[in-house]
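> Need coordinates for the following:
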Amino acid sequence: MAGCLAYIRVVPATDQIRNKLSQLPHKPGIYLMKDRFGTVIYVGKARDLRKRVSQYFHPSRRLGWDLKLNALVDAIYDFDVHLVRNEPEALLLESRLIKEFHPRYNVSFRDDKRFLLLKVNLADPIPRFTLTRLKQEDGALYFGPFASSGALLNTLTLVRRTFNLRGCRPLTPTEIDYRHCLYGNLKFCTAPCIANVTREDYLQQVRAACEFLSGQSDEFKAQLESEMKKAATAQDFEKAAALRDTLADLRRTTVKTNKFERIPYTLPVALNPDKDLQELATALQLSAPPTRIEGFDISNISGTFAVASMVSFTNGRPDRSNYRRFKMKTVVGQDDFACMAETVRRRYSRAVKEQVETQSSEASTSQPPETSTVSSPDSASEQEPPASKGQGTSKSKWPGMPDLIVIDGGKGQLNAALAELEKLNVRTVAIIGLAKEFEEIYRPGISEPLRLSHDSGALKLLQRVRDESHRFANTYNAKLRLKRISESILDEFPGIGENRKAALLKKFGSVQRLRLATLEQIASVPGFGGKAAGELKAFLEARTVRAESPKDPGDVSA
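Model prediction:
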């Protein structure tokens, strides 16, 4: 055991951490572990914050930890906590924060998977409750999110039977649908599709169910509990167990949770940009501090929506007017090396082209020495006009060559970028790769990576560039996936298949244009007759989406 202890570097808790630990309450909540740069590196949840967080700083517990957990604890410099009221709230907030910060030591919830929501649109001809994972501005009512999908499904079945609601799929069910409707034949549904009840009466049933899902279910819970006790007294244990499970699902579904607002991303600022740049130049053996740095990162989740980002830092600070983003055009599948190669090729082939065009323009407008004292009107009109305000965000105006290129990744990504620069004959720009796991700096022609001190201002500057390029790439990827999800609203239209959906999008281009189409235009699409076109028109009108929010600063497609 003594030999094992020799290999474990025990880092005692600082006075700041000890003071915080002594003030933690024995309550449920979320904790955020942060490193020396203030970056969130881990998000966790706990029933008892004081007990859970204190465990990270008990040296005796580290004997059974793996390398990843030991590395996490070594990197902890500070932590924050958020109190919640119950475990479902803790789970929901943990998921929200992991998606927000993308901590390097978290694995779960880092994709865009969302918790289930319950949705009902009262503007539908015959409203129905459906499950969804995306909340839209479509005028519908949403309940949730729900941490337990199984409990939600069981509760939804209970709600439908309690309030005699439809469980069928068609947007506007007819008498033909009623003939083979299980809910109707079992008398679980009041069958508004065959005018058994009026739409107004059915809406009252739906509104009662909405109130029930909003938390007004105490009376029903008491009734279930009373029935459960009666069944147990009568030794009908099977019925008692079923009622017990139903009551547990209902309680899990209707438990009150807070709505957590989005936590804004804040980019750490340099304490001394000039000093950091000078230190970076010394560490990389550059002739001068890099005035402008460009950073690249790839966002490619399971081979879908492969995108890349380019961020620009001028004098050690973000220059968002010169950010660019790229959607891959030639890469198939999940290949980060090929994505990096395409990104570098597209960015610097354009820079080389514009550089050549600028030199040609200057040469064509230059005057001979003997006639250079006066400029003619014609020659003046050929000169490039002064840059207008906001020109930096134009798609046609790109920045020139940087002083340093930072690639997010190790040797593979760096070599892919170097190969493209060689093809373009770009050899005067310094380039490095920054590997995230151990913060190693890879340089061309040098096999051993450079490791700077974690307190180094040069490393902090490179991390800011890397983290910002990572954020910008992920933002673009998420935006494309969100657009794809919004387009797939057609999937909610009952009876539509891939061929009919593809035909609609091929003719109109987007759901937004489809909303503006006339009934005759929709009916002209193959697979849609007059009745189907009318139902689709009513379906889209009931789900009118508001205009999109403004773009992010520097959000320019390339």
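> Was I right to think residue 310 contacts residue 469?
Yes - under the criterion of CB atoms under 8 Å, residue 310 makes contact with residue 469 at 7.2 Å. Backbone N, C-alpha and C define where each C-beta goes, glycine included.
> Quickly list what's touching both of those two.
295, 296 (CB atoms under 8 Å, 6 or more residues apart in numbering).
> At which residues are the strands of the stretch 1-150 of the chain located?
Along the stretch 1-150 of the chain, counting by DSSP state E, counting those that start in this stretch, strands occupy 29-34, 40-46, 78-83, 116-120, 129-132, 141-146.
> what's the spacing between the second one and its chain's center?
Mean C-alpha position of strand 40-46 versus that of the full chain (CA atoms, centre = their mean, to the nearest Å) differs by 18 Å.
> Check stretch 498-508 too.
That offset, for stretch 498-508, works out to 27 Å (CA atoms, centre = their mean).
> same question for that stretch, mean pLDDT?
On average, the pLDDT along stretch 498-508 is 78.
> Pull that stretch out as CSV, backbone CA atoms only.
Provided in CSV are the C-alpha atoms of stretch 498-508 (Å, rounded to 0.1, in the frame of the first residue of the first chain):
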residue,chain,number,x,y,z
GLU,A,498,-40.6,10.7,-46.6
ASN,A,499,-41.6,10.9,-50.2
ARG,A,500,-44.5,13.3,-49.7
LYS,A,501,-42.4,15.4,-47.3
ALA,A,502,-39.5,15.5,-49.8
ALA,A,503,-42.0,16.5,-52.6
LEU,A,504,-43.2,19.4,-50.5
LEU,A,505,-39.8,20.7,-49.6
LYS,A,506,-38.6,20.3,-53.2
LYS,A,507,-41.4,22.5,-54.5
PHE,A,508,-41.5,25.1,-51.8
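> Does residue 525 touch residue 502 like I think?
No - assessed by CB under 8 Å, residue 525 is found out of contact with residue 502, at 10.3 Å.
> Neighbour count for the two, which is higher?
Between residue 525 and residue 502, counted using other CB atoms under 10 Å, residue 525 has the larger neighbour count: 20 against 12.
> Could you say which helix or strand holds the more buried one?
Under DSSP states H and E, no helix or strand contains residue 525.
> Now do it against residue 501, distance only.
For residue 525, the distance to residue 501 (CB to CB, to the nearest Å) stands at 10 Å.
> Please apply the same query to residue 81.
In terms of CB to CB, residue 81 sits 46 Å off from residue 501.
> and if you look at residue 238?
45 Å.
> When the two are compared, which one has more neighbours?
residue 501 (16 against 8).
> mind listing what the nearest residue to residue 166 once chain neighbours are set aside touches?
Of all residues not flanking residue 166 in the chain, residue 189 sits nearest, at 4.9 Å (CB to CB, 6 or more residues apart in numbering). Residue 189 makes contact with 160, 164, 165, 166, 167, 168, 181, 183 under the criterion CB under 8 Å, 6+ apart.
> where does the nearest residue to residue 405 once chain neighbours are set aside land in three-state SS?
Using CB to CB, 6+ apart and skipping the chain neighbours, the partner closest in space to residue 405 is residue 431 (4.1 Å). With DSSP: H, G, I helix; E, B strand; the rest coil as the basis, residue 431 sits in strand.
> correct me, but residue 431 touches residue 420?
No - the pair residue 431 / residue 420 is not scored as a contact, 10.6 Å apart, by CB under 8 Å.
> could you pull out the strands for this protein?
Here the chain has its strands, by DSSP state E, at 29-34, 40-46, 78-83, 116-120, 129-132, 141-146, 292-301, 304-314, 317-318, 324-327, 404-408, 430-435, 440-443, 446-451.
> Lowest average pLDDT across those strands?
Mean pLDDT values for these show the minimum at strand 141-146, a mean of 80.
> could you dump that strand to CSV, C-alpha only?
Coordinates of each C-alpha in strand 141-146 appear next as CSV, following Å, rounded to 0.1, in the frame of the first residue of the first chain:
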residue,chain,number,x,y,z
LEU,A,141,-49.2,24.6,-24.7
TYR,A,142,-46.1,22.7,-23.4
PHE,A,143,-45.7,20.8,-20.1
GLY,A,144,-42.4,19.7,-18.7
PRO,A,145,-39.6,18.9,-19.3
PHE,A,146,-40.0,15.5,-17.6
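> Can you read off the pLDDT for the residue sitting nearest the centre point of the chain?
The residue lying closest to the centre of the chain (CA atoms, centre = their mean) is residue 478, at 4.7 Å. Per-residue pLDDT puts residue 478 at 73.
> how much space between it and residue 214?
30 Å.
> Quick check: which ranges of the stretch 401-550 of the chain have low pLDDT?
Scanning the stretch 401-550 of the chain for pLDDT under 70 picks out the ranges 481-488, 543-550.
> residue ranges for the helices of it, please.
According to DSSP state H, counting those that start in this stretch, the stretch 401-550 of the chain carries its helices in the segments 411-423, 457-487, 498-508, 511-516, 519-523, 530-541.
> Equivalent analysis for the stretch 201-350 of the chain, please.
Using DSSP H, counting those that start in this stretch, helices in the stretch 201-350 of the chain cover 218-233, 237-254, 273-284, 336-365.
> And for the stretch 1-150 of the chain?
2-5, 15-23, 49-54, 67-75, 87-101, 149-162.
> Ranking those by mean neighbour count, which comes first?
helix 87-101 (a mean of 21; mean count of other CB atoms under 10 Å).
> what's the angle between that one and strand 40-46?
Angle, helix 87-101 to strand 40-46, by axes from the mean of the first three to the mean of the last three CA atoms, to 10 degrees: 170 degrees.
> Give the rounded mean pLDDT of helix 87-101.
Taken as a whole, helix 87-101 carries a mean pLDDT of 76.
> picking up where we left off before, next up, the contacts around the residue nearest to residue 405.
Neighbour list for residue 431: 404, 405, 406, 407, 414, 417, 418, 421, 444 [criterion: CB under 8 Å, 6+ apart].
> Now for those, which sits with the most neighbours around it?
residue 407 (28 neighbours).
> Just give me the neighbour total for the nearest residue to that one once chain neighbours are set aside.
In space, and not counting its chain neighbours, residue 407 is closest to residue 433: 4.4 Å by CB to CB, 6+ apart. Applying other CB under 10 Å, we find 27 residues neighbouring residue 433.
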